[in-house]
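Peer 1: Let me see the structure of the following:
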Amino acid sequence: MTKLLLSDNIEYLGSNNAINKAREIANKIDLNFTHFDLMSEIIQDSEIVDVGGCIQYGCLLGGNFRIYGIYDIEEYLNEENNVKEYRGIRLFRSLPMNWEDTRIKQLNCKIGIISMAPFSEKMQQLNILNRKK
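Peer 2: Numbers count the residues shown, from 1 in each chain. Next up is the predicted model:
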């Protein structure tokens, strides 16, 4: 596991291949390309075979790493109009935590997970572009 410090508050942990890719594309970070976009790009890079799955995000609190949930983008087929659309999917440790899932609704419990939604604006833009097709 290698560590890369990008600022006073943000560190990346990962394999040497992932960290090298992060160093390579870190200069792209701005208002339209966030740290979450950087992680997503690394995860989706087929040449980095030792990284995959969902973004794992959290912070250090009192020496302990606290993992947060994340809203990612999920592509699906809207059966009403047979159009490909995008929606948010809430993940915690790579497990889906969507209330639309009837199995979770049947639990009759509250899931109190702090989550980040870094791709919500991108999801809205994808849906707008998709409707124009």
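
Peer 1: Could you use CA atoms for every contact and neighbour count after this?
Peer 2: Noted.

Peer 1: buried residues in the lengthiest helix in the chain?
Peer 2: Using DSSP state H, we find that the single longest helix of the chain is helix 120-132. For helix 120-132, a neighbour-count test (16 or more other C-alpha atoms under 10 Å) marks Ser120, Met123, Gln124, Leu126, Asn127 as buried.

Peer 1: per the record, what domains does the protein have?
Peer 2: 2-53, 60-132 (automatic domain parsing).

Peer 1: how about the closest residue to Leu126 other than its chain neighbours, what does it touch?
Peer 2: Leaving aside its chain neighbours, Leu126 sits nearest to Tyr86 (7.1 Å; criterion: C-alpha to C-alpha, 6 or more residues apart in numbering). By C-alpha atoms under 8 Å, 6 or more residues apart in numbering, Tyr86 lies in contact with Ile73, Glu74, Glu75, Tyr76, Met123, Gln124, Leu126, Asn127.

Peer 1: Also Ala26?
Peer 2: Leu38.

Peer 1: does it sit in a helix, a strand or a coil?
Peer 2: Following DSSP: H, G, I helix; E, B strand; the rest coil, the label given to Ala26 is helix.

Peer 1: Arg66 pairs with what?
Peer 2: Cys59 (DSSP bridges).

Peer 1: Against Arg90, how distant is it?
Peer 2: Arg66 sits at a distance of 17 Å from Arg90 (criterion: C-alpha to C-alpha, to the nearest Å).

Peer 1: out of those two, which sits in the busier spot?
Peer 2: Remark: of Arg66 and Arg90, Arg90 carries more neighbours, 21 against 12, as counted by other C-alpha atoms under 10 Å.

Peer 1: Could I get the contacting residues of the nearest residue to the more buried one once chain neighbours are set aside?
Peer 2: Spatially, and ignoring its direct neighbours in sequence, Arg90 is nearest to Tyr71 (4.4 Å; C-alpha to C-alpha, 6+ apart). For Tyr71, the contact set (C-alpha under 8 Å, 6+ apart) comprises Gly88, Ile89, Arg90, Leu91, Ser115, Met116, Ala117, Pro118, Phe119, Ser120.
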